[in-house]
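> here are the coordinates; sequence isn't available:
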């Protein structure tokens, strides 16, 4: 599914929702490696963006998003509206990232 067919709103500009197919989600659970934790800890000494953790977070969100799109396609959707993210720390250094939304079929207005 094309990423432009997703939105955090409940309407997709230029399209009409024809059918709602239900909630779709993608879940990934990630942990930091020992080296990543040490590297991130060293970066905190200098302040600013902690790029090692930023990269881990971005990869986790991307993976969860792609899994959500796969779930939507399996239901026959051509768009996902109301996209949201959630994250929960399960253990120290182990985080679940959830991406969810409503799978829909849309047609041009």
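Cool, the structure landed. This structure is a prediction, so every number in the text was calculated from the model and none was measured.

> who's in contact with residue 11?
By CB atoms under 8 Å, 6 or more residues apart in numbering, residue 11 lies in contact with 17, 81. C-beta coordinates here come from the backbone N, C-alpha and C atoms, glycine included.

> helices of the chain, start to end?
34-46, 51-74 (DSSP state H).

> in space, what's closest to the spatially most central residue of the chain - neighbours in sequence excluded?
Centroid-nearest residue in the chain, with CA atoms, centre = their mean: residue 65, separated by 3.4 Å. Using CB to CB, 6 or more residues apart in numbering and skipping residues adjacent in sequence, the residue nearest residue 65 is residue 99, 4.8 Å away.

> which residue is the nearest non-sequential neighbour of residue 77?
residue 103 (3.7 Å).

> how about residue 84?
residue 100 (5.8 Å).

> tell me, how many residues neighbour that neighbour?
18 (other CB atoms under 10 Å).

> residue contacts, it?
By CB under 8 Å, 6+ apart, the neighbours of residue 100 are 23-26, 68, 83-84, 86.

> per-residue confidence at it?
We have a pLDDT of 98 for residue 100.

> and residue 103, by the same measure?
pLDDT, residue 103: 98.

> got a list of what it touches?
Here residue 103 is in contact with 20-24, 71-72, 75, 77, 79-80 (CB under 8 Å, 6+ apart).

> report the buried members of those.
Buried members of the contacts of residue 103, counted by 16 or more other CB atoms under 10 Å: 21, 24, 71-72, 77, 79-80.

> understood, closing this out.
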